[in-house]
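*Asks:* I need the structure of the sequence given here:
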Amino acid sequence: MWVANYDRLPTRCRLAAWDTSIVKTCLLCGHYDESRDHLFLRCSFSEHIWKEITVRLGYRPFYFHTWTALIAWLDVGDTTSPLTLRRLVAQATIYSSPCLCKDIDRLLRNIILARKNRSKFGCLMQVWLKHTV
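*Replies:* Residues are numbered from 1 along each chain as shown. All right, here's what the predicted structure looks like:
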């Protein structure tokens, strides 16, 4: 969480600052530059997650459009949801992105392996692993 808070995550915008051949657009939506704020707060994928989380915490759905707004929400006390629970949810949400990607990767590998003898699936594993980092 502290790496995200200090904006030190290896987002595409940060990586492109070192290597201009890196495409900066978001891997999830493909529309905007992949910055920390976009990836965790503004991307349609993350907005859906935050909508579900805020409702689950007892709030009407709302979105954070800046990291500062998220941090301010994590520091203010209110009667809707306990501060500790909000902080745990925020940390889990920020942490879940790499875990989710790992789960998706594992799921796709399993699906491809289970169907490897079918003609449409024969070369999919090679294509899937081609750009693995």
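*Asks:* any stretches of this protein with poor pLDDT?
*Replies:* Within the chain, the ranges that satisfy pLDDT under 70 run 97-98, 131-133.
*Asks:* longest helix in this protein, please.
*Replies:* helix 83-114 (DSSP state H).
*Asks:* which stretches of the chain form strands?
*Replies:* Using DSSP state E, no strands are found in the chain.
*Asks:* so how far is the longest helix of the chain from its chain's centroid?
*Replies:* Chain-centre distance of helix 83-114: 8 Å, with CA atoms, centre = their mean, to the nearest Å.
*Asks:* could you do stretch 50-68 as well?
*Replies:* With CA atoms, centre = their mean, you get 15 Å for stretch 50-68.
*Asks:* let's see that stretch as CSV, backbone CA atoms only.
*Replies:* In CSV, the C-alpha atoms belonging to stretch 50-68 read as follows (Å, rounded to 0.1, in the frame of the first residue of the first chain):
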residue,chain,number,x,y,z
TRP,A,50,-15.2,0.6,-5.8
LYS,A,51,-18.9,0.8,-6.5
GLU,A,52,-19.4,-2.7,-5.1
ILE,A,53,-17.2,-2.0,-2.1
THR,A,54,-18.8,1.3,-1.2
VAL,A,55,-22.2,-0.2,-1.3
ARG,A,56,-21.0,-3.2,0.8
LEU,A,57,-19.7,-0.7,3.4
GLY,A,58,-23.1,1.0,3.6
TYR,A,59,-22.6,4.0,1.4
ARG,A,60,-24.4,5.1,-1.7
PRO,A,61,-22.1,4.3,-4.7
PHE,A,62,-19.4,6.9,-5.3
TYR,A,63,-16.0,7.0,-7.0
PHE,A,64,-12.7,8.5,-6.1
HIS,A,65,-11.2,10.5,-8.9
THR,A,66,-7.9,11.3,-7.2
TRP,A,67,-5.6,9.5,-4.8
THR,A,68,-5.8,12.4,-2.4
